[in-house]
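S.K.: A structural model of the following input is requested.
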Amino acid sequence: MTIYLAICDNNIADRKQLERLLEREKDTRLREDYDVLYIDSFGSEEALMTTPVKYDIFFVDITEGASNGMEIAKKLRLRGIAAPIVLCQSSINYTSYVNAPEDIVYIEKPLTKGQVSHLVDVALEWAKRRTPLIEARCQKDTRFLQYDELIRAIPLEKFLTRLCLSSGEFLDATDSVKSIERQLEPYGCFIKCKKDIVNIYHIESAIEHGFKLSNQDIVYYSSMQRNNIIKTMANNMRYLKVQ
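M.R.: The predicted structure is shown next:
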């Protein structure tokens with residue numbers, strides 16, 4: 001299984017030490033269990049917050065600047081990040097903070113090999129339970145999306161698909177619409193409308209042979225797609241909001 005781990009620590013020596021421990025754990029697991037660990041290391045909050053949604057665990061200790069580790073943990077939770085957060089205590093006693101977010105692990109520096117191994121197990125269990133993310137590979141970067149962020153996928157060229165997001169953003173993914181469709185299949189809530197892919201959770205109303213979406217787009221389906229659309233909607237009835 002693939003696990004994504006993030007280190008955010010402004011102390012270079014501490015950050016490098018944790019990187020080394022995680023790299024050793026990565027080698028062990030790849031050899032014994034075939035688990036793959038991706039380790040990203042950051043020295044500031046700004047760098048960490050670029051794509052935090054992709055990580056299965058965070059190791060955090062920021063003691064300089066406007067924010068500290070606890071403030072970063074709070075910001076992650078406010079952004080809907082539910083993955084385990086480990087606050088690694090050095091000069092700041094994070095346990096003394098009131099109104100701390102839930103599900104925070106407090107641990108004294110330096111971490112040991114046994115502690116790192118246990119925390120990677122925690123990340124592994126989280127990764128097994130969580131809903132997988134949609135990987136959108138764009139020309140300049142890669143975005144990881146929650147399935148309910150995606151309203152519609154529109155094929156533009158053979159290997160270019162426009163993703164319409166609930167935030168109002170448009171992402172041009174350098175993938176075919178077929179490749180996007182394979183990623184979306186496990187969610188069970190996406191339908192084909194002509195050549196487009198549509199998230200049924202973003203359908204606002206029905207029109208003749210089509211739908212009005214939450215971003216006010218109008219899409220149309222063919223008569224041959226009608227039965228599959230009905231089947232998908234029926235399978236999702238208990239999850240759909242009653243307006």
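S.K.: which strands and helices sit next to the lowest-mean-pLDDT helix or strand in the chain?
M.R.: Lowest mean confidence among the helices and strands of the chain (mean pLDDT, DSSP states H and E): strand 142-145, at a mean of 86. Applying 3 or more Cβ pairs under 8 Å, 6 or more residues apart in numbering; DSSP states H and E, we find strand 142-145 packed against strand 134-137. Bear in mind the C-beta positions are built from the backbone N, C-alpha and C, glycine included.
S.K.: just the CA coordinates for the strand it packs on, please, in PDB.
M.R.: Presented in PDB, the C-alpha positions along strand 134-137 are these (Å, rounded to 0.1, in the frame of the first residue of the first chain):
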ATOM      1  CA  ILE A 134      -8.500  12.000  -7.300                       C
ATOM      2  CA  GLU A 135      -5.100  12.800  -8.800                       C
ATOM      3  CA  ALA A 136      -5.200  15.600 -11.300                       C
ATOM      4  CA  ARG A 137      -1.900  15.900 -13.200                       C
END
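S.K.: mind listing what it pairs with, with the direction of each?
M.R.: For strand 134-137, the pairing partners within the sheet under DSSP bridges are strand 142-145 (antiparallel).
S.K.: only the buried residues of the partner strand, if you could.
M.R.: By neighbour count with 16 or more other Cβ atoms under 10 Å, strand 142-145 contains the buried residues 143-145.
S.K.: between the residues you listed, which is nearest Arg31?
M.R.: Closest approach to Arg31 among these (Cβ to Cβ): Phe144, at 27.4 Å.
S.K.: how about that closest one, what does it touch?
M.R.: Phe144 makes contact with 51, 53-54, 133-136, according to Cβ atoms under 8 Å, 6 or more residues apart in numbering.
S.K.: please pull up the helix or strand immediately following the lengthiest helix in the chain.
M.R.: The helix that spans the most residues within the chain, counting by DSSP state H, is helix 12-32. Downstream of helix 12-32, the next assigned helix or strand under DSSP states H and E is strand 36-42.
S.K.: didn't Phe211 look like it was pressed against Val219?
M.R.: Yes. With contact defined as Cβ atoms under 8 Å, Phe211 reaches Val219; the gap is 5.6 Å.
S.K.: what do these two both touch?
M.R.: In contact with both Phe211 and Val219: 193, 198, using Cβ under 8 Å, 6+ apart.
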